[in-house]
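Colleague: Sequence first, then the predicted structure:
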Amino acid sequence: MNQEMLKLSNLVKRYDGFTAVDHLSFAVFEGEVFGLLGPNGAGKTTTIRAVMDIFKPDEGDIAVLGHAPAEARAHVGYLPEERGLYRDLRVLDVLVYLAELKGTARSVAHKRALSWLERVELVEWAGNKVKDLSRGMQQKVQFVASLVHDPQLLILDEPFAGLDPINVGLLKQLIRELQQEGKTIVLSAHQMNLVEALCDRIVLLNRGQAVLYGNLSDIKEQYAPKTVRLQTDGPANLEGLPGVVRIEPRDGQVSVLTLADGSAQDVLRALVERGVVLKTFEVGTAPLEEIFISVIKEGSRE
Amino acid sequence: MNKVWIIARHEYSINVRRAGFIVMTALVPILGIIGLLASTFLGGQVPAFLESQFASMPSKIGVVDELGTFTPILPAYQERYTLFGDEDAGRNAVRQGDVTALLVIPTDYVNSGKVMIVSKDSGLTAAKIEDSSSARQFFVDHLLRDQLDPALRQRLANPVNPVLVNLADEGGAGGKGVDAIASIMIPYFLAIMLVLTIFVTSGYLLRSVADEKVNRVIEVLLSSVSAWDLLAGKVLGLGALGLTQVVVWVGSALVIGRFGSVLHDINIPLLARPEVFALCLVYYLTGFLMYAVLMGSAGALGTTMQESQQLAGIFSFVAALPMIFAGFVFANPNMILVRIFSWFPLTAPTAMMLRIPMAEVPTIDIIGSIVMILLATPIILWAGSKVFRMGLLMYGKRPTMRQVWRTIREA
């Protein structure tokens, strides 16, 4: 579990005087789903391209499966954000060709491609040209294309972009299954609910630097101001509760309280003392999205 | 290396199925079969037919004889040539269409050789008359009248009647007459076809690279193979495609030639000078390599197919220059302009492929052009692959000339 599948040390990449990636270091361990996150232009795609050996970094080291990126290529799968397939070729031919380029034997690639198409419910389209497929189908084919050569490390750049909710669910399920099969997955996505649902650890990039890095639950613990979501039976006075810095009224007698430091337990005790009748009382944390927004805004102010 | 083969095989197998390729490849065998059928009906008159097409004399010619030597017109020529009393009458006849051209032979003709040719078109008729052996015969016969033996007069008008002897065939039926036009036109035609295959197949390369870039497949490809492997695989695969075309063409020409003894006239010029074909093959392969890499880079630099094609158009234009000036090559294969084209690496393959079938090319030009090509090819390969790699990943915007230059310099 603790083997490093990917390790970046002080990675720097500059374009024309602009530093896209600025001394970035992080590691991805075997069997985890790792979130590579950040706003647009933060340097995610540049980092991924350097890992895929599409270009060389200006400074720093990259170890993929313990090797130089060029030597590990055959064992890494890549779903780029800039998506595309040969539109005039048949689905199966595309998948077999791309797997062959990763070093998989033709017959093996053929068999695996068919079984994967079955898994994503596209096997009856195997003989069709790519351009005959809908956008969502093409995206699933592209996802399969990153897997046919049976990689140990899978890098997915925005895999959910443009998918309908049903296919998002299918893809989410597949990522979980791949993790159970022992694959390591690096996931870059903007949908924070999906990141929260899937990732074990994350790194958050902003302007080429890591601004958050570590275990997802630790980060949430550390950064999230605690919140309490409650529903009262009828209108109630919530002012002046201990440790509460903000009250956000929602529909139907629901309020979200933001706590400064004190514990939710103190709030509950105070409410009971006031005789407020509670329907629900839920201790939560701020959504990941809000943590990111505040961390990045803070970074921009500096 | 293994990946280069996979890419080469892939490129070959998808392009060999393209309709454009199949049509172009089938063109030569189909033309050959049509030629075979036509020659069967024309009864062995292929060379005569070709000559009549390429150098047809006007059927009715007027003559104004200020010199006096052409009056009266000899009986053998009276059907085609008509005397007019003065130039105006003759001009009228041209205007009315009674004669196609009017020859005005001035009093100082014997000393100056000047003949005024009046016709409605712009010089074409004059050129045909000048070239025609029957017109020369007309002049010789009238100037000498019956002073000489008719056979001798005929030789004066037409002193060389070429007979090409194929050494390999000499033991058999002996030398076979070859029409000058057929012996030049056919290798020349074949050379043009070779040049065309270079353009067509390197065009496929341009298309395949631009396609991968526009479709964004390139990112996945480059995560599996290096830009160099990709370029090498494409050049190999599409080069094999071009060779397939040439093999089909030459093979079908030979097979069809076997069926029709008439087409021996065509095969002999092809077989008589095997060194021409060996050299053409050298220029073909090196030329393809250079243009393919250039087209690959152009494909990588453009952001859309149209943009790539515009860039590639510059290279195509340079490479096609010798074809644009083909008329000069035809007129004088060793003239200075043609020699310059032969020494400049980008035009050398096309220029030499057009030139070699036409004449004995000085050995220095052959060696010089090959040396220049061999010097230029590694530079083009090296710089092209750098630009190729840089261009591939730049979506949305086209790199500026400065960026391209810096990439080449920094490499």
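Modeller: The structure has been received and is ready for your questions.
Colleague: and the closest residue to chain A within chain B, what is it in contact with?
Modeller: Per C-beta to the nearest C-beta, residue B:216 is where chain B lies closest to chain A, at 3.0 Å. Where C-beta positions appear, they are placed from N, C-alpha and C, glycine not excepted. By C-beta atoms under 8 Å, 6 or more residues apart in numbering or on different chains, residue B:216 lies in contact with A:80, A:82, A:83, A:84, B:395.
Colleague: Skip the chain neighbours and tell me the closest residue to residue B:95.
Modeller: Among residues not flanking residue B:95 along the chain, residue B:120 sits closest, at 7.8 Å (C-beta to C-beta, 6 or more residues apart in numbering or on different chains).
Colleague: actually residue A:250, not the one I wrote
Modeller: Nearest to residue A:250 is residue A:256, by C-beta to C-beta, 6+ apart, at 6.3 Å.
Colleague: Okay, and the beta partners of the one you found?
Modeller: residue A:229, residue A:248 (DSSP bridges).
Colleague: can you pull the contacts of it?
Modeller: Contacts of residue A:256 (C-beta under 8 Å, 6+ apart): A:227, A:228, A:229, A:247, A:248, A:250.
Colleague: could you dump those residues to TSV with distance to residue A:68, neighbour count and pLDDT?
Modeller: Compiled in TSV, these are given as follows (distance: C-beta to C-beta, whole Å; neighbours: other C-beta atoms under 10 Å in any protein chain shown; pLDDT from 0 to 100):
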residue	distance to residue A:68	neighbour count	pLDDT
A:227	46	19	78
A:228	51	21	81
A:229	50	15	81
A:247	55	12	82
A:248	51	11	78
A:250	53	10	78
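Colleague: Report how many residues lie close to the residue in the stretch 201-302 of chain A that chain B sits nearest to.
Modeller: The stretch 201-302 of chain A approaches chain B most closely through residue A:208 (18.1 Å), counting by C-beta to the nearest C-beta. The number of residues packed near residue A:208 is 23, by other C-beta atoms under 10 Å in any protein chain shown.
Colleague: Verify the stated contact: it with residue A:19.
Modeller: Yes. If you go by C-beta atoms under 8 Å, residue A:208 and residue A:19 touch, sitting 5.5 Å apart.
Colleague: Could you list the residues of chain B in contact with chain A?
Modeller: Contacts of chain B with chain A, taken as C-beta under 8 Å from any C-beta of the partner chain, map to B:2-3, B:6-7, B:10, B:14, B:211-212, B:214-226, B:393, B:395.
Colleague: residue ranges for the strands of the stretch 151-300 of chain A, please.
Modeller: A:153-157, A:184-188, A:201-206, A:209-215, A:226-232, A:244-249, A:254-259, A:278-285 (DSSP state E, counting those that start in this stretch).
Colleague: gap between the first one and the chain center?
Modeller: Averaging C-alpha coordinates over strand A:153-157 and over its chain gives two centres that are 10 Å apart (C-alpha atoms, centre = their mean, to the nearest Å).
Colleague: Point out the other helices and strands that it packs with.
Modeller: The contact analysis (3 or more C-beta pairs under 8 Å, 6 or more residues apart in numbering or on different chains; DSSP states H and E) places strand A:153-157 against helix A:44-51, strand A:76-79, strand A:184-188.
Colleague: Excluding its own residues, what touches the second one? List them.
Modeller: I take that to be strand A:76-79. Applying C-beta under 8 Å, 6+ apart, the contact partners of strand A:76-79 are A:48, A:51-52, A:64-65, A:142-143, A:145-147, A:149, A:151-157, A:159, B:219-220, B:223.
Colleague: residue ranges of the strands in chain B, please?
Modeller: Applying DSSP state E to chain B gives strands spanning B:61-65, B:81-84, B:101-105, B:116-119, B:163-164, B:176-177.
Colleague: Turn these into CSV, columns for distance to residue B:149 and mean pLDDT.
Modeller: As requested, these are exported to CSV (distance: least, C-beta to C-beta, whole Å; pLDDT from 0 to 100):
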stretch, distance to residue B:149, mean pLDDT
strand B:61-65, 25, 89
strand B:81-84, 23, 88
strand B:101-105, 25, 88
strand B:116-119, 30, 85
strand B:163-164, 22, 60
strand B:176-177, 23, 44
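Colleague: Any chance of the strands of the stretch 151-300 of chain A in TSV with distance to residue B:19 as columns?
Modeller: TSV is the format used below for the strands of the stretch 151-300 of chain A (distance: least, C-beta to C-beta, whole Å):
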stretch	distance to residue B:19
strand A:153-157	36
strand A:184-188	41
strand A:201-206	48
strand A:209-215	53
strand A:226-232	65
strand A:244-249	65
strand A:254-259	65
strand A:278-285	62
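Colleague: Which among these is found nearest to residue B:316?
Modeller: Residue B:316 lies closest to strand A:153-157 among those, at 37.0 Å (C-beta to C-beta).
Colleague: send the alpha carbons of that closest one over as PDB?
Modeller: The C-alpha coordinates for strand A:153-157 follow below in PDB (Å, rounded to 0.1, in the frame of the first residue of the first chain):
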ATOM      1  CA  LEU A 153      -1.300   3.700 -13.000                       C
ATOM      2  CA  LEU A 154      -4.200   5.500 -14.600                       C
ATOM      3  CA  ILE A 155      -4.300   9.200 -15.100                       C
ATOM      4  CA  LEU A 156      -7.700  10.700 -15.800                       C
ATOM      5  CA  ASP A 157      -7.900  14.400 -16.700                       C
END
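Colleague: Listing partners with orientation, what would you give for that strand?
Modeller: In the sheet, strand A:153-157 lines up with strand A:76-79 (parallel), strand A:184-188 (parallel) (DSSP bridges).
Colleague: Okay, angle between that strand and helix A:44-51 too, please.
Modeller: Counting by axes from the mean of the first three to the mean of the last three C-alpha atoms, to 10 degrees, strand A:153-157 lies at 150 degrees to helix A:44-51.
Colleague: Count the neighbours of the closest residue in space to residue A:283 that isn't next to it in sequence for me.
Modeller: Sequence neighbours aside, residue A:264 is the residue nearest to residue A:283 in space, at 4.5 Å (criterion: C-beta to C-beta, 6+ apart). Neighbourhood size, residue A:264 [other C-beta under 10 Å]: 18.
Colleague: check contacts around residue A:264.
Modeller: Contacts of residue A:264 (C-beta under 8 Å, 6+ apart): A:226, A:228, A:283.
Colleague: between those residues, which is nearest residue A:170?
Modeller: Checking the contacts of residue A:264 against residue A:170 by C-beta to C-beta gives residue A:283 as the nearest, at 32.7 Å.
Colleague: Surely that closest one and residue A:230 touch.
Modeller: No. Using C-beta under 8 Å, residue A:283 is not in contact with residue A:230; the gap is 9.7 Å.
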